[in-house]
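Sequence and predicted structure are below.
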Amino acid sequence: MLAYIARRIVYVIPIVISVALVCFLLVHITPGDPLVAVLPADASQELAAQLRAAYGFDRPLPVQFGLWLLRALHGDLGNSIATGRPVLAEVMRAVGNTVTLAIAAAVIGFTMGILLGLIAGYFRETWIDKLATSFAIAGVSVPHYWLGMVLVIVFSVELNWLPAVGAGPNGSNSWGWDWAHLRYLVLPAITTSVIPMGIVTRTVRALTGDILSQDFVEALRAKGLHERGVFRHVIKNAAPTALAVMGLQLGYMLGGSILIETVFSWPGSGFLLNSAIFQRDLPLLQGTILVLALFFVFLNLLVDIAQAAIDPRIKRG
Amino acid sequence: MLIKTTARAALIAALALATAAAWPRAASAESVLRIGMTAADIPRTLGQPDQGFEGNRFTGVTMYDALTGWDLSSADKPSVVIPGLATEWKVDESDKTRWTFKLRPGVTFHDGTPFNADAVVWNVDKVLKQDAPQFDPSQVGVTASRMPTLASARKIDDMTVELTTREPDSFLPINLTNLFMASPAKWQHFYDKAEGADAKAKSQAAWAAFAKDAAGTGPWKMASFTPRERLELVKNADYWDKARVPKIDKMVLLPMPEANARTAALLSGQVDWIEAPAPDALPELKQRGFKLYANEQPHVWPWQFSRVEGSPWNDIRVRKAANLCIDREGLRDGLLAGLMVPATGTFEPGHPWRGKPTFEIKYDKPAAQKLMQEAGFGPNKKLTVKIQTSASGSGQMQPLPMNEYLQQALAECYFDVQLDVIEWNTLFTNWRRGAKDPSANGANAINVTYAAMDPFFALVRFLQSGMAPPVSNNWGFINDPKFDELVKKARQTFDPAARDAALAELHAASVDDAAFLYVAHDVGPRAMSPKVTGVIQPKSWFIDFSPITMVP
C-alpha cells in the first residue's frame, strides 16, 4: 500500500508542473494588457513602461515563469495588481469560503444522491424508480444559476426567510457555524448541490441495479442472508465507483462555481476568478487557477488512495 | 380606594420606568445605510481607489478629501470644482508652471494628526517620486494619468504648498480632485512596524496595513473591512465641513457585481440602496414603492471615428449624416427604458464647457440622407463602415443592443454597418493602439465610452494631434490645427472663467466638426428603499452621502 501511495505521489509532480505551466501560459497568451487593472488606457508610454517594469512584465516569458514558479514553491504567489493584496491570502480566503459551500452542498447532494440512488436501484422499473430518476435528471439538467435565482425570488424576495446574497451578517469578519451565518449558506448550498445530487443518484442507481442482478447476490440470498446483509454487500461493492464519482464532484465544487457564487455574491474562488478575469489581474488569475488545480489534483490523489484502501484489486492494477 | 390608588401609582411608575428604559435605546439606535455596489470587490481603500470612478465614489470622496473637490449639492446644475483641502490657489504670473495652494487650517486626519503642507508633499510623492519611501507603483496608474502634467510638490510654509507642472496647464486644479490625501503619520506607523527584506518590501507591507486601517480627512471613517465582502464606514463627527458631517451613523458597502443579485438584495430588504438595478426590474421596483434616481452623468457613449487616410469618416458630410440619422429619444424610451440622456456633444446645454455649436445634433433623417447623397451614396450604393465594440464593459451600458439599434438606424441613411465584437479588456487595450494598428482589424470607428469630468479626459486626449497613439487616446489620429490651437489656448488660460470659455470654444468646434458620433450619456441609475431620504443625485459620477437620512 505504501509503495502504491508513493507511486501515486510521484505521478502527481509532473502533473502539477504541467498545470502550473499551462495556467501561466494561458493567461499570458490571451490578448489585452496585463496592466489593464491599474493602467488607464490614456496613460503615457513612460508610465506604462515604468509599471510594466515594476511588475516584471517586461521580462521574457520563460524568465517570468521561472521566477513565478520559484516564488510559488516558497508559498509566494505575488500580489494582486488590482488590490495590492498578497495573492495567496486572497486565494486561501476565497477557497475557505468555497470549501464551506462545497461541504454543505456535498452533505446535501451526496446524502440525497445516495438515498435516491439506492431507492431507485432497489425498486428498479417501478414508479418509485421513475420518480427518483426524474429528480436526478432534473438536477443535472436545470441551469443552476436559474435555480439560484428562483430560490432567491421565492425564499428571499417573496417570503423573506433567507438572505439573497453575501456570506455573513454585517459586522462579521469571519465564518461561523451559527444560524446567523448558516442562513447565508442555505440557498447557495442547495443550488450547488443539485448537480452532484443528480449525478450521484444516477451512478448509485446504476451500480445498485447492476450488483443486485449479479449471481453472488442470489447466492447470498440462497444462503439465507437477510436483506440487511445483502444491502451491506451491495454498498461495499458500489462504494469504490461511487466514491470516485463523489470525489470528482467534490473537486468540481471545490473549484467553485463562477455562476452560483456570482448570483449569490458568495466570496469564494469562483467569485474571485470572475473578478480576476474581468480585471485581468494576472497574478491573481494565475494564483487562483494554480491553487484550484492543485486542490483538484490532491483530491484525486486522496480518492485514488481511498479507493485502493477499500478495494485491494485496484492496488494490484 | 387606597388599593386602587396604589395600583394606579404602581402602573404609572411601571409605565414611566418602561418608557425611561426604552427611550435611551430609541434615541441611540444606530442608523445604518447598506449599499450594494456594482463592483466585484471593495475598491482600494488606501487613498487612490481602483475600479474607476465607482472606486472614487465609494472609497475616495467618502474617506478622503483632495485639495479641490466637486460641488455635489445640486441635482440641476453641472458639478463644478470647488475648494477642498485648499481654500485658494493661483498660478505664478511670471512662471505658469508654478502654482501656490493655501491649505485649509484646522483639518485633522482620522488618526488625529494635522493636515498640512508636509502631508500634501508626502501624498504627491507617493505617486510621483520613485525614490520616496512611500512611493507605491500600484497607486500610480490611477493617479498620474489623471494629472498628466503634475511634476512635483514643495512646502512653502505649514499652510502653503507649491505644485509645479511640466508645462503650463490651467487644468491642474480640476485634475487634483483625483489626488486623495492619506495620513502620512499613520502610514509611517505601519512602516516602522513592518517587516521586510528591504525598504520596498516594508513600504508594500505598510500600504497593505494602511489599506486595512486607513486614515484620511473625509466625512467617513473606516470602521471595519473584510476584503471582497464588505467595508463599514462610520461618520466622522469631527469633519472640518460642519455642513457635511454625515447624518447617518454607519454606511456598509457590499460588492454585488450581478444586477439581478443586487435587485434581489434590495427587494428582500438586505440592502437599502443599489447601484444600477437590473433594467427589466424597474417596473417591479417602482410598483413595490422603491425610489429610483437617475441624472445625466459626465459620460459619453460614442463612436470615435478613424481619420486616417482612406477612412470614410474623413468626409464631414458623412460624419454629420451619421449624427443626424439616430433617433436618440427612441433609443432612450425603447431599448434603454429611459436610462440615458440623448447626447448632442460631449457636454449638454447648461454646462460651462458646452459653448455654442452651430451644428445641431438631432434626429433629421431627410437631412442625413441628403448629406449622404451629396457625398455620393444612396440606396443602391451603401457606405460600408466597420465598428469595433465589446459585448460588455465598465460604462459601456448595453453595447451590443445599442450598436444593433444604430446599425438599423444608419441603414436607412445608406450605411452598411459591420460590427467587430471583441472582449472588453482587449477593446480597451486596442483603444490605446489606434486605428492604424493591426488590432483595429480594419475597423474605422471604435465604441469606447469615456468619462467627461475634466477637460483632458473629455476633449484634449481625443482632439489634440499630439495625443495620437501611442501617446494617448486620439485613436482616430485626428490632426486638425484648429483643435491644437484651441487646446493650447485652453491650457494656457488661467483665469477660471476665461479658461471655461476657451474650453467651450474647443467643444463647440468639435461638435461643429462632428468629431464623434455622439449617442448617449449614462444616467447612473440607482434604486433605494423608501426609508432612505435626503438623496441629491448630482450631474456627476459622485454623490454626497452626508445629507442622507434613514427613516426608522
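In hand now; what should we look at? Since the structure is predicted, the reported quantities are computational estimates derived from the model, not experimental observations.

Spell out the secondary structure type for residue B:154.
Following DSSP: H, G, I helix; E, B strand; the rest coil, the label given to residue B:154 is strand.

Could you report the neighbour count for it?
14 (other CB atoms under 10 Å in any protein chain shown). Any C-beta I mention is one placed from the backbone N, CA and C, and that applies to glycine too.

how near is it to residue B:89?
For residue B:154, the distance to residue B:89 equals 14 Å [CB to CB, to the nearest Å].

got it, and residue B:82?
12 Å.

repeat for residue B:256
From residue B:256 to residue B:89 the distance is 39 Å (CB to CB).

Check residue A:94 too.
Taking CB to CB, one finds residue A:94 at 45 Å from residue B:89.

Looking at these two, which is more packed in?
Using other CB under 10 Å as the criterion, residue A:94 and residue B:89 rank with residue A:94 on top: 28 against 18.

so the more buried one is in which element?
helix A:87-122 (DSSP states H and E).

Could the C-alpha coordinates of stretch A:100-113 be exported in PDB?
Taking C-alpha atoms only, stretch A:100-113 is exported to PDB below (Å, rounded to 0.1, in the frame of the first residue of the first chain):
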ATOM      1  CA  THR A 100     -17.600  25.800   3.300                       C
ATOM      2  CA  LEU A 101     -20.100  26.000   0.500                       C
ATOM      3  CA  ALA A 102     -18.800  22.700  -1.000                       C
ATOM      4  CA  ILE A 103     -19.000  20.900   2.200                       C
ATOM      5  CA  ALA A 104     -22.600  22.000   2.800                       C
ATOM      6  CA  ALA A 105     -23.500  21.200  -0.800                       C
ATOM      7  CA  ALA A 106     -21.800  17.800  -0.600                       C
ATOM      8  CA  VAL A 107     -23.600  16.900   2.500                       C
ATOM      9  CA  ILE A 108     -27.000  17.800   0.900                       C
ATOM     10  CA  GLY A 109     -26.100  16.400  -2.600                       C
ATOM     11  CA  PHE A 110     -24.400  13.200  -1.600                       C
ATOM     12  CA  THR A 111     -26.900  12.300   1.100                       C
ATOM     13  CA  MET A 112     -29.800  12.900  -1.200                       C
ATOM     14  CA  GLY A 113     -28.000  11.300  -4.200                       C
END
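
Quick one: residues in contact with it.
If you take CB atoms under 8 Å, 6 or more residues apart in numbering or on different chains as the criterion, stretch A:100-113 is touched by A:136, A:175, A:185, A:188-190, A:192-201, A:203-204, A:246, A:249-250, A:253-254, A:256, A:261, A:266, A:268.

Restricted to buried residues, select the residues you listed in ChimeraX.
Command for ChimeraX that selects the buried part of those, burial taken from 16 or more other CB atoms under 10 Å in any protein chain shown:
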select /A:136,175,185,188,189,190,192,193,194,195,196,197,198,199,200,201,203,204,246,249,250,253,254,256,261,266,268
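
mind listing which of the contacts of stretch A:100-113 are in strands?
With strands taken from DSSP state E, there is no overlap with the contacts of stretch A:100-113.

In helices, which of the contacts of stretch A:100-113 fall?
Using DSSP state H, the subset of the contacts of stretch A:100-113 located in helices is A:136, A:185, A:188-190, A:192-201, A:203-204, A:246, A:249-250, A:253-254, A:261.

anything in contact with each of residue B:82 and residue B:89?
The contact lists of residue B:82 and residue B:89 share residue B:68, where a contact means CB under 8 Å, 6+ apart.

per-residue confidence at residue 110?
Assuming you mean chain A. Residue A:110 carries a pLDDT score of 93 in this model.

my question was about chain B
As predicted, residue B:110 sits at a pLDDT of 98.

just residue B:313 next, same as before
What the model reports as pLDDT for residue B:313 is 98.

Now for it: which residues touch it?
So residue B:313 contacts B:305, B:306, B:307, B:319, B:385, B:444, B:445, B:476 (CB under 8 Å, 6+ apart).

Please repeat the previous calculation with a cut-off of 6 Å.
Each residue near residue B:313 by CB atoms under 6 Å, 6 or more residues apart in numbering or on different chains is listed here: B:305, B:319.

Spell out which residues of the stretch 401-550 of chain B are next to chain A.
B:425, B:426, B:428, B:429, B:431, B:432, B:461, B:470, B:472, B:473 (CB under 6 Å from any CB of the partner chain).

just checking, the last one touches residue B:461?
Spelled out, that is residue B:473. Yes - if you go by CB atoms under 6 Å, residue B:473 and residue B:461 touch, sitting 4.6 Å apart.

Endpoints of stretch A:251-260, how far apart?
Counting by CA to CA, to the nearest Å, you get 16 Å between the two ends of stretch A:251-260.

residues in contact with that stretch?
A:98, A:102, A:105, A:144-145, A:148, A:188, A:191-192, A:268-270, A:273-274, A:292, A:295-296, A:299.

same deal with stretch B:45-54?
With CB under 6 Å, 6+ apart, stretch B:45-54 has contacts from A:82, B:39, B:43-44, B:55-56, B:59-60, B:139, B:142-143, B:180, B:182, B:207, B:210-211, B:214, B:394, B:541.

Helices - which of these land there?
Counting by DSSP H, these contribute B:55, B:139, B:142, B:143, B:207, B:210, B:211 to helices.
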